[in-house]
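S.K.: I would like the atomic coordinates for the input below:
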Amino acid sequence: MKRLLAVAAALALMIPAARAADPTQINGWISDSMCGAKHAGSGAACVKGCIKNGEKPVFVDEAKKQVWAIDNPDAVKDFYGDHVSVSASVDTDKMSVHIDSIAAAK
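M.R.: Next comes the predicted model:
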């Protein structure tokens, strides 16, 4: 009986964690960590230059203009400065996203 309760408790703790990792569809821009939302939609050349000089790519949410760190920056290397639609797992505590898929926004 104790073993059954322990398993049930462990499963109950895992369910919220699994839900937090569900991918979310978000539109926005790929920018750089220095300029953030400043160039969202208008500064592709600056974004590419800043990243070339060592800044990290970031995702800028189109609706809220929030800047999110990208856990897997190689996923966005072909989209620097672009308006994109991403499917991403969001970590609100760390203000980061893990990009599962990316495409040019329509």
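
S.K.: show me the helices in this structure, by range?
M.R.: Assigned by DSSP state H, the chain shows helices spanning 2-20, 44-52.

S.K.: so what sits opposite Ile26 in the bridge?
M.R.: Judged by DSSP bridges, the bridge partners of Ile26 are Val86.

S.K.: that one is in contact with Lys64, isn't it?
M.R.: No. Under the criterion of C-beta atoms under 8 Å, Ile26 is not in contact with Lys64, lying 9.7 Å apart. To be clear about C-beta, it is placed using only N, CA and C from the backbone, and glycine gets the same treatment.

S.K.: more neighbours: which of these two?
M.R.: For Ile26 versus Lys64, neighbours defined as other C-beta atoms under 10 Å are more numerous around Ile26 (21 against 11).

S.K.: the more buried one: what's it in contact with?
M.R.: Residues touching Ile26, when contacts are defined by C-beta atoms under 8 Å, 6 or more residues apart in numbering, comprise Phe59, Asp61, Glu62, Ser85, Val86, Ala88, Val90, Val97.

S.K.: just the buried residues of the residues you listed.
M.R.: When neighbours are counted using 16 or more other C-beta atoms under 10 Å, the contacts of Ile26 contain these buried positions: Phe59, Asp61, Glu62, Val86, Ala88, Val90, Val97.
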